[in-house]
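**Q** Only the shape, not the letters, is given here:
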């Protein structure tokens with residue numbers, strides 16, 4: 001937990017440097033395939049620093065995240081065969097039958113899984129890599145990624161464009177409430193995936 005907190009502050013420090021936009025692009029790219037910290041905190045910090053550039057920062061984040069999602073897809077697509085034996089042989093409960101069941105569900109509702117994961121706090125990289133593993137139709141995957149990631153990051157930019165720096169004090173004041181709501185959304189996203197799709 002301490003490591004993640006340090007990593008979070010390291011990510012945020014880029015907003016105070018001239019390399020903030022470049023760091024945002026790299027972070028969004030990496031987070032969609034392997035990095036644990038989402039780009040939202042850095043996007044928020046950059047929007048607060050320059051409200052006029054909010055739309056530009058949202059565009060950078062969206063495009064980089066979509067490209068990172070394709071990278072995650074490629075990881076699942078290219079490397080699953082070489083590591084699947086480990087999972088089937090050594091991970092308890094991870095059977096070929098279970099894999100086939102999940103594969104059938106993914107083939108039926110994969111677009112919706114990616115769409116929900118791309119917009120909510122659910123770790124997006126799980127679904128980008130899974131999409132490659134389960135061979136989700138690539139154009140369908142890119143469409144779901146483009147829609148959900150753009151909606152998410154442009155929504156963040158829109159909030160800061162409309163409310164400006166005042167929203168930061170609101171977040172500081174109600175941080176615990178927002179944290180609670182974040183986890184409710186996270187849980188809700190998983191429940192939607194489990195019971196609706």
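**A** Cool, got the structure. Predicted model only: the values in this text are computed from it and were never measured.

**Q** Poorly predicted segments of this structure, please.
**A** Along the chain, segments meeting pLDDT under 70 span 1-5, 7-9, 91-94, 165-197.

**Q** ok, residue 29 to residue 82 distance?
**A** 23 Å (CB to CB, to the nearest Å). For the C-beta atoms, the positions are set from N, CA and C on the backbone; glycine is no exception.

**Q** Now do the strands in this protein.
**A** For the chain, applying DSSP state E gives no strands.

**Q** So which residue is smack in the middle of the protein?
**A** Centroid-nearest residue in the chain, with CA atoms, centre = their mean: residue 124, separated by 3.6 Å.

**Q** can you pull out the helices in the chain?
**A** 2-13, 20-31, 40-49, 54-90, 96-119, 124-133, 138-163, 166-173, 175-195 (DSSP state H).

**Q** deepest of those helices, which one?
**A** Highest mean neighbour count among the helices of the chain (mean count of other CB atoms under 10 Å): helix 124-133, with a mean of 24.

**Q** quick one: contacts of that helix?
**A** 31-35, 38, 65, 68-78, 80, 106, 110, 113-114, 117-118, 141, 145, 149 (CB atoms under 8 Å, 6 or more residues apart in numbering).

**Q** next one: stretch 14-32
**A** Residues contacting stretch 14-32 (CB under 8 Å, 6+ apart): 11, 35, 37-39, 42-43, 45-46, 49, 57, 60-62, 64-69, 71-72, 124-125, 128, 149.
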